[in-house]
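Engineer: Sequence first, then the predicted structure, then my questions.
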Amino acid sequence: MSLNKSISYINGFGLNRTKVLEKELKIYTLNDLLYFFPRRYVDRSKFYTPSEIDSTSAEIQIIGIIKDLKIISGNKGNRLIAKLCDEKSCVELVWFKGIKWVESKININQKYLAFGRVNKFGNNLSIPHPEIEIYNYEKLKHKKGSFQPIYPSTEKVIKAGLTQKKIRESVYNLLKDYKKEINEVFSNDILKKYKLVDKKKALFDIHFPKNQKDLNNAEYRLKFEELFFLQLQLALKKNKRKIDLKSFSFPNVGKYFNEFYEKYLPFNLTNAQKKVVREIRKDLKSNAQMNRLLQGDVGSGKTIVAFLTILICIDNDMQSAMVAPTEILAQQHYNKIKSMCDPLKIEIGILTGSTKKSERTNILNKIDNGSMKILIGTHALFEEKVKFKNLGLAIIDEQHRFGVAQRSKLWLKNTVPPNVLVMTATPIPRTLAMTVYGDLDISVIDELPPGRKPINTVHRYESKRLSVFKFLKEEISKGRQIYIVYPLISESKKLDYKDLMDGYESICREFPNEKYQISIMHGRMNSENKALEMERFKNGITQIMVSTTVIEVGVNIPNASVMVIESAERFGLSQLHQLRGRVGRGTYKSYCILMTNLKLSEEAKTRITSMVRTQDGFELAEIDLHMRGPGDIMGTQQSGLSTFLIADIKNDNEIFKISRHAVNELIKYDKKIENKANINISNALKKIEKGNNIWKYIG
Ligand code: ADP
Ligand code: MG
C-alpha cells in the first residue's frame, strides 16, 4: 500500500520538486516513480580515447588529458573550450553556460573522464556540455559492466535540481527500501512456463541492468505483463458479453437462403467466403449477440457474405438494416442487393439524406409494419424516427467511417439488441485488430475471387504525363474506362477544389468531347448529381471519371481498368490501396498509375514503392503501422494501446502472441480467474479496472 504514497516522501523531494515532477512527468506516487522507466541506457563499461572516436558515436565516455583551456568570445556570447587529448588527437569540450565555474574546476594536464555526445564540424570533434570528472581508475573499476539509465526529462525538471543523477539515486533507494512491497503477480507456473524473471528482478534490472542480457530479460518480462493484462481484460470482457448480451437466435436456415444459394448465387463462393459464412452461422445459432468484424481486402467479396447473412435473418422472420458511409455506396449496395432480392420477392428499400419526403414516409411505414425486410442506407438510418418492427441484424459497411457511438444507435432500436456484423476493407494487422476490436469476434476473407489479374501498379513523374495520356487513350479505345483521382484534404478544401478543377480542364483539353465523354464528381455536388454522374459512368456513357476521393470506398465498376492517382504523394497508404481497389474488379488487365512530383519525402517514397511492390492489403497495413505508429489508426485511443508504458504494438508482435497464448491457457482452466494460484492476477485485474494504465494499479 505504501507505494501509493506521494513522492514528497522521498528524501530531498520538497514541495517544488514534487510539483515539477507531477506536472512535467506525471509522477505522483512512489509507484509512479518505480514505473518511470529509462528512455535509454549508456554503456558505462566502454571507454574511448579521443583518437578512437568517430562522429557517429552516440553518448560515450572518453578518457584523455586536458591540454588547453580557453574562453573564446563570439557574437552569440562566450564559450569555454577545453581540449581533451591522447597522443594522436584531441576532442573539444565546450561550455556555453557556467563558464567561470567550470573553468575554476579544471586542471590542465590532468587526466579526465568526459561523458557526452560527440558532434563533428569538418574535422573538428566537439562535445557540448559534457559531464566530466577526474579520472580515477579504482572508482571506475566498480562501475565496470553497468548500464546507466537515462530518464526522460524536461528543462523544468533539470532546473528544479532533478538531474539524471538525482533521479537515478532516488529510484535506486526506492527499489532498495521498498523491496518488500514489490509483489509478484504471476503464479510460479506461469513464470516457469514463459521463462519470465520475477517481478522484483525485472523492476530492478529495468532501471539498473548489469548487462544487456539482464536488460533484455527485464524488458521481456514487463512487456509480457503489460500485454498479458491488456489481453486478459479484453478476453474477459468478450466472455462476459457472450453471457450477458442476448440477442435473437436464428436457428433456421430455410427457404430464402437455400433457394438463393441453389438457384441464384451468381458465382461459387471462395473458400474464404464459405468459412466466414460458417462462422457467422455459428454465431447466429446461439442466442448470444453476434458481434463480428468481417475484414476483407477490397474486392474480396464481402457484399455477398452480408447478403447471405441477411437471408438467414429473413428466414427467421426478422428485418435487416445495412448502413454505408456514403450515398454512392448505399445506392450501389441497394442496386446490387435489390437485384438479388427480386427473384426471391423480398421487399427492400433505401433511405438516405436525399430520399424524398413521400418516399420516406412510405419506407418508414413499411419498416414499422414489418413488410419491408431490408433497409439499406446512410447515417439517415440512425435517426430516431426510423423504427423497425423487429430488427434482427445490423450490418455496417466500411465501419471505420463510423464512430462507436453512432453504431450503437442502431442497437438501441430494439429492446433486444440486433446481431451486428461490421465490415471493413481497411485491413489492420492482426495484433492491432485483436486489440482495437478486442471485444469483437473477427473473421477474415483472406482470398480474392478467382480470375482476378494482378493490378499493374506504376509510379510516374509529372514529366511522363504525355505518355500516360497516350496510354489512357489506348485503354479507352479498347473499351475500358478510367478513373482520375485528385487529393482532397480537408484543411485546404478550396485549394483541392482548384486542383481538381484545373485537372479537369486539362483533361478536357487532352480528351476533347468530340471523342470522349468525361464525368466529374466531388464533395460539393449534391447527391442527385453525384448519383447521375455515377450512373453515366457505370453505364459506359462516359469513359473518364475525374473525381476526388468520394469514390474511395466500395465503388464497383468492373469495366474500369485504370486508376490514375494525381499527387499520389499526398495520400496515405491505406487510401492509395483503397483507390487502387476500384480497378481490377472485372476480368480485364488493370493498371494503377501513381503520378507524383519529382521531390518526394522519404515517407512518401516508401508509400509509393510499397504500393508498386505489393497488392496485399495486410502487408501494406503493416508498413503503414510501422511508419505512423498505432496512435493514428482508428480506435487505438480507446483501446489502451496508447497507454502502454513499455510494450510496443509495432515491434512486440512475438511477445504479444505469446502473452495471448498465456491468457488463453489461463482462462481455459480458470474462466473467471478464481483459482487460488491466480489470486494475485485477479486482485490486479480488479485494480486495473479503475483505469487504463495498468502499472498505476498493479503496484
Ligand atoms: P468488397 O469486399 O470490396 O466489398 P464486393 O463484395 O464489392 O467486394 O465484391 C467485389 C466483386 O467481386 C463484385 O463484383 C462481386 O460480384 C465479385 N465477387 C464476389 N465474390 C465472388 C466470387 N466468389 N467469385 C467471383 N466473383 C465474386
Ligand atoms: Mg464493399
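Structural biologist: In hand now; what should we look at? Residues are numbered from 1 along each chain as shown. Ligands and ions are numbered 1, 2, ... in the order given.

Engineer: OK, contacts around the residue in the stretch 101-250 of the chain that ligand 1 sits nearest to?
Structural biologist: Going by Cβ to the nearest ligand atom, ligand 1 is nearest to Phe250 of the stretch 101-250 of the chain, at 21.9 Å. Quick note: C-beta positions are derived from backbone N, CA and C, even for glycine. Residues in contact with Phe250 (Cβ atoms under 8 Å, 6 or more residues apart in numbering) are 284-285, 312-313, 315-316, 318, 392, 419.

Engineer: among the residues you listed, which are in strands?
Structural biologist: Assigned to strands by DSSP state E, the following of the contacts of Phe250 qualify: 392, 419.

Engineer: now, the most widely separated pair of the contacts of Phe250?
Structural biologist: Between any two of the contacts of Phe250, the greatest separation by Cβ to Cβ is 14.4 Å, found for Lys285 and Met318.

Engineer: Tell me, how many residues neighbour the residue of the stretch 451-600 of the chain found nearest ligand 1?
Structural biologist: Closest residue of the stretch 451-600 of the chain to ligand 1, Cβ to the nearest ligand atom: Asn556 (4.7 Å). Neighbours of Asn556 under the rule other Cβ atoms under 10 Å: 18.

Engineer: and the contacts of Phe250, which are buried?
Structural biologist: 284, 312-313, 315-316, 318, 392, 419 (16 or more other Cβ atoms under 10 Å).

Engineer: which parts of the protein sit against ligand 1?
Structural biologist: Counting by Cβ under 6 Å from any ligand atom, the chain comes close to ligand 1 at 267-270, 273, 296, 298-304, 425, 449, 554, 556, 558, 585.

Engineer: what about Phe267, neighbour count?
Structural biologist: Based on other Cβ under 10 Å, the number of other residues close to Phe267 is 11.

Engineer: so where's the stretch 151-300 of the chain shaky on pLDDT?
Structural biologist: For the stretch 151-300 of the chain, no stretch has pLDDT under 70.

Engineer: That one: strands as residue ranges?
Structural biologist: Here the stretch 151-300 of the chain has its strands, by DSSP state E, counting those that start in this stretch, at 291-296.

Engineer: For ligand 1, what's the nearest residue on it?
Structural biologist: Phe267 (3.6 Å).

Engineer: which strand in this structure runs the most residues?
Structural biologist: strand 59-74.

Engineer: For it, report the contacting residues that lie outside it.
Structural biologist: The contact list for strand 59-74 (Cβ under 8 Å, 6+ apart) reads 42, 44, 46-50, 53, 78-86, 90-91, 99, 103, 106-118, 127, 135, 150.

Engineer: Name the next helix or strand downstream of it, please.
Structural biologist: Using DSSP states H and E, the helix or strand that follows strand 59-74 towards the C-terminus is strand 77-85.

Engineer: report the angle between the axes of that next one and strand 59-74?
Structural biologist: 130 degrees (axes from the mean of the first three to the mean of the last three Cα atoms, to 10 degrees).

Engineer: Sheet partners, orientation included, of the very next helix or strand once past strand 77-85?
Structural biologist: The helix or strand immediately downstream of strand 77-85 is strand 90-95, counting by DSSP H and E. Using DSSP bridges, strand 90-95 pairs in its sheet with strand 77-85 (antiparallel), strand 124-128 (parallel).

Engineer: Going by mean pLDDT, which of those strands comes out lowest?
Structural biologist: Taking each of the strands paired with strand 90-95 in turn, the lowest mean pLDDT turns up on strand 124-128, with a mean of 88.

Engineer: what's next to the following helix or strand past it, contact-wise?
Structural biologist: Counting by DSSP H and E, the next helix or strand C-terminal to strand 124-128 is strand 131-134. Contacts to strand 131-134, defined as Cβ under 8 Å, 6+ apart, come from residues 93, 106-107, 110-116.

Engineer: could you redo the last one with a cut-off of 6 Å?
Structural biologist: Outside strand 131-134, the residues that touch it by Cβ atoms under 6 Å, 6 or more residues apart in numbering are 112-115.

Engineer: next one: stretch 675-683
Structural biologist: The contact list for stretch 675-683 (Cβ under 6 Å, 6+ apart) reads 185, 187, 670, 673.

Engineer: Would you work out how far apart the start and end of it are?
Structural biologist: End-to-end distance for stretch 675-683: 12 Å, by Cα to Cα, to the nearest Å.

Engineer: same thing with stretch 377-384?
Structural biologist: Stretch 377-384 stretches 14 Å from its first residue to its last (Cα to Cα).

Engineer: Can you give me the buried ones in that stretch?
Structural biologist: For stretch 377-384, by 16+ other Cβ under 10 Å, it's 377-382.

Engineer: Sounds good, over and out.
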